[in-house]
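Asker: could you work out the structure for the sequence below:
(4 chains)
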There are 2 protein chains.
Amino acid sequence: MSGEKIKNMEDFAVVSGVSRPTVSKYFNDPDSVRQSTRSKIEATLERYDYRPNIYAINQNRRRTKNIGLVVPNLTDPFFAAIARTMEGLILAAGYNPLLLSSHGGPDQEISNLDSLRAIKPAGVLLAPLGRASHDSLVAEFAEEIPTVLFDANLEGVGEAFFGSDNAQSIDLIVQYLCRTGEPPAFFEMKTPVNPNAFRRRLAYETSMKRLGQEPHFIRVDGEGWDFEEIGFREGSRVIRENLLPTNAVLCSNDRLAIGLLSAAFESDVKVGLGNGCGLRIAGHDDHPFARYTCPSLTTISQDYGAIGARSVETILALIEDGKSGKGREVTLFEGRLVMRGSA
Amino acid sequence: MSGEKIKNMEDFAVVSGVSRPTVSKYFNDPDSVRQSTRSKIEATLERYDYRPNIYAINQNRRRTKNIGLVVPNLTDPFFAAIARTMEGLILAAGYNPLLLSSHGGPDQEISNLDSLRAIKPAGVLLAPLGRASHDSLVAEFAEEIPTVLFDANLEGVGEAFFGSDNAQSIDLIVQYLCRTGEPPAFFEMKTPVNPNAFRRRLAYETSMKRLGQEPHFIRVDGEGWDFEEIGFREGSRVIRENLLPTNAVLCSNDRLAIGLLSAAFESDVKVGLGNGCGLRIAGHDDHPFARYTCPSLTTISQDYGAIGARSVETILALIEDGKSGKGREVTLFEGRLVMRGSA
DNA sequence: AATATAACTTTACACGCGATAAGTTTTTGT
DNA sequence: ACAAAAACTTATCGCGTGTAAAGTTATATT
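Answerer: Below you'll find the predicted structure:
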């Protein structure tokens, strides 16, 4: 580092022997200047540590390089994982990801969208809370700023949606459970926060009927996002009061299943599909911890690599090419059956 | 909303019948203007939706209202939880939290600090990777920008550090384990990424000797942050090859313990302190999932409420009052024993 | 009611950059 | 070697705000 202090682009232009507009061009796209000038600038960059003021840049550019990324709950490792992969993709594309968590609350979700408005992002990737969202406010936001939804769909909101094909995945695991033993009951929350839960309930019913089985729902009380706690508490009750019609349970998601597994353990009910097991438990999502439960959890793995990749691709295309005009795109990815110890 | 479009503070000042500098004052501190003018402005705010351009603001303010919050790994629910509580505190204080995850990598950590530099934050709360951090670069950063460390300490870096008293907490659980049965071996990674791991190792050794017991270390291979996987894989091996001197194991952290619990289950070793149990397992941290493992995990709960609160308080004081001059403050909070089923 | 003071107004400049126009130099292709 | 094209230069404006100075009006104090 040399002596003088570089406080703005003008200063930097002087010491690098190039005019300021050229330096500006360079920072916006290093390939847009002649190789010789590029070398000059980059040599100077080695000696002085200057970086353009991001606030001044964003004030003057028509569009910022920011992309908002909003997930329902970062405390849920499933969303933490998908957020992480999407962050990486956004960075790789030369954009700046801004990660926000709605912490399970619709007010926080709206507050997050408000924060994003202030930042004037080029686009937003949003996994909405779903049923709990303040739909009209979210829709309003998506009108202002290019938005792609993922994980949970809000009909007609945003330019595209990428998620899982619950009908396919639930059918897959219902079939598996029916073929390997008694037909499963469906363990879910009475008032789920997520629209996927509704689709899974419906898919379960359809699949069971198609297989000539009687659907059986176990709908438990519980508010909020503490699914393991709900699964444990209500699971304990269900086991204690013997409310299960068969020895198989399909949980609406893995976190409920984790709680239920814990409840079964505490109640001395052996879980698994082997001899001497009193209960089979399956989940949905392939939660990061699903392979470490006791026994490990049989579940459906969502293709969140694909969901993340396509969501990012789409928002980038939207930003760079403007609206495609092709209308709202809805893409569902198939789930994969992951057979483990619990069922 | 009325007809005209408000595009800047000037426009807004006109329709509210107040001068622009006064409006500016209002947005910086609503209490700094007369009640009557405040009412005028707030009435206008109801009719038009205007908000000051955040980029223009930050370009001109000496200090921004941004506070960086960097954690080693958001995929770890422990950090997700602590980040969430700190975010709330920062918001409540009228600042804007910026959450970044280092994803377990030192390069990403430095890259995060670089991103923060660009944002010119008023202060930064950093949970460093620790041993894996590029110490000198982190130290350099902390010289430029007011920084408070938490969770993992880097000697002399930042204005303060808040964390757990590993000596106290490990002593607590070692004593508990020794009083309730055979003395524990210490299960840890050979090359841990975190300085807390070293302190815990040392604390274990000290406590055991003080109690007249022979320390016994089980140091397993494994890189990265996939602790459950490492605990499972190496735990399986340890059990298979009968490497445990007693029936008790203290894991360096809960995530290793979760993996080990899973390994014990798969190996048909019953875990717990009751009759017929072949193994007792304890962890450290009170991971959000520790109460749902099978059996539930006996562990040490870190007071991360206090750690978060004090860290935020301190950075705010630093920002608002400048350096205290009291020198670097190091505060350790005591852990609490959480007795559950596994030991 | 007179005075001190707090709060306001107008005016002006600063911040650091993007963008553009008009003129100049360098590179490219033949 | 020459003209055309590309890349540069200088000059200037605009973005939306913070901030300071100087003068004016409203509020609080006695």
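Asker: in the top helix by length along chain A, what counts as buried?
Answerer: Longest among the helix segments of chain A by residue count, using DSSP state H, is helix A:304-321. For helix A:304-321, the neighbour count (16 or more other Cβ atoms under 10 Å in any protein chain shown) marks A:Tyr304, A:Ile307, A:Gly308, A:Arg310, A:Ser311, A:Val312, A:Thr314, A:Ile315, A:Leu316, A:Ala317, A:Leu318, A:Ile319 as buried. Using the backbone N, CA and C atoms, a C-beta is placed for each residue, glycine as well.
Asker: what does the helix or strand A:Ala197 falls within contact?
Answerer: Of the helices and strands defined by DSSP states H and E, A:Ala197 is found in helix A:195-210. The contact list for helix A:195-210 (Cβ atoms under 8 Å, 6 or more residues apart in numbering or on different chains) reads A:130-131, A:151-154, A:163-164, A:166-167, A:169-171, A:174-175, A:183, A:186, A:188-189, A:192, A:214-215, A:217, A:250, A:252-253, A:284.
Asker: so for that helix, mean pLDDT?
Answerer: Averaged over helix A:195-210, pLDDT sits at 96.
Asker: got the CA coordinates for it in PDB?
Answerer: The C-alpha trace of helix A:195-210 is given here as PDB (Å, rounded to 0.1, in the frame of the first residue of the first chain):
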ATOM      1  CA  PRO A 195     -50.000 -25.000   1.800                       C
ATOM      2  CA  ASN A 196     -47.800 -28.000   1.100                       C
ATOM      3  CA  ALA A 197     -49.400 -29.600   4.200                       C
ATOM      4  CA  PHE A 198     -52.800 -29.300   2.500                       C
ATOM      5  CA  ARG A 199     -51.600 -30.800  -0.700                       C
ATOM      6  CA  ARG A 200     -50.000 -33.700   1.200                       C
ATOM      7  CA  ARG A 201     -53.200 -34.300   3.100                       C
ATOM      8  CA  LEU A 202     -55.100 -34.400  -0.200                       C
ATOM      9  CA  ALA A 203     -52.500 -36.600  -1.900                       C
ATOM     10  CA  TYR A 204     -52.600 -39.000   1.000                       C
ATOM     11  CA  GLU A 205     -56.400 -39.300   0.700                       C
ATOM     12  CA  THR A 206     -56.300 -39.800  -3.000                       C
ATOM     13  CA  SER A 207     -53.500 -42.400  -2.900                       C
ATOM     14  CA  MET A 208     -55.100 -44.400  -0.200                       C
ATOM     15  CA  LYS A 209     -58.400 -44.500  -2.000                       C
ATOM     16  CA  ARG A 210     -56.800 -45.600  -5.200                       C
END
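Asker: so how far is it from its chain's centroid?
Answerer: 22 Å (Cα atoms, centre = their mean, to the nearest Å).
Asker: list the neighbouring strands of the helix or strand just after it plus their orientation.
Answerer: Remark: after helix A:195-210, the chain's next helix or strand is strand A:217-220, criterion DSSP H and E. Applying DSSP bridges, strand A:217-220 is found paired with strand A:185-189 (parallel).
Asker: how many degrees apart are the strand it pairs with and helix A:195-210 in direction?
Answerer: Relative orientation of strand A:185-189 versus helix A:195-210 (axes from the mean of the first three to the mean of the last three Cα atoms, to 10 degrees): 160 degrees.
Asker: from memory A:Ser16 sits against A:Val23, does it?
Answerer: Yes. A:Ser16 is in contact with A:Val23 according to Cβ atoms under 8 Å; the separation is 6.9 Å.
Asker: overlap of the contact sets of those two?
Answerer: Each of A:Ile41 lies in contact with both A:Ser16 and A:Val23 under the rule Cβ under 8 Å, 6+ apart.
Asker: so which of the contacts of helix A:195-210 belong to helices?
Answerer: Using DSSP H, those in helices are A:Asn166, A:Ala167, A:Ser169, A:Ile170, A:Asp171, A:Val174, A:Gln175.
Asker: re earlier: put the buried members of the contacts of helix A:195-210 into a PyMOL selection.
Answerer: Buried residues among these (16+ other Cβ under 10 Å), as a PyMOL selection:
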select buried, chain A and resi 130+131+151+152+153+154+163+164+166+167+169+170+171+174+183+186+188+189+192+215+250+252+253+284
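Asker: regarding A:Leu91, what is its secondary structure?
Answerer: Classification of A:Leu91 by DSSP: H, G, I helix; E, B strand; the rest coil places it in helix.
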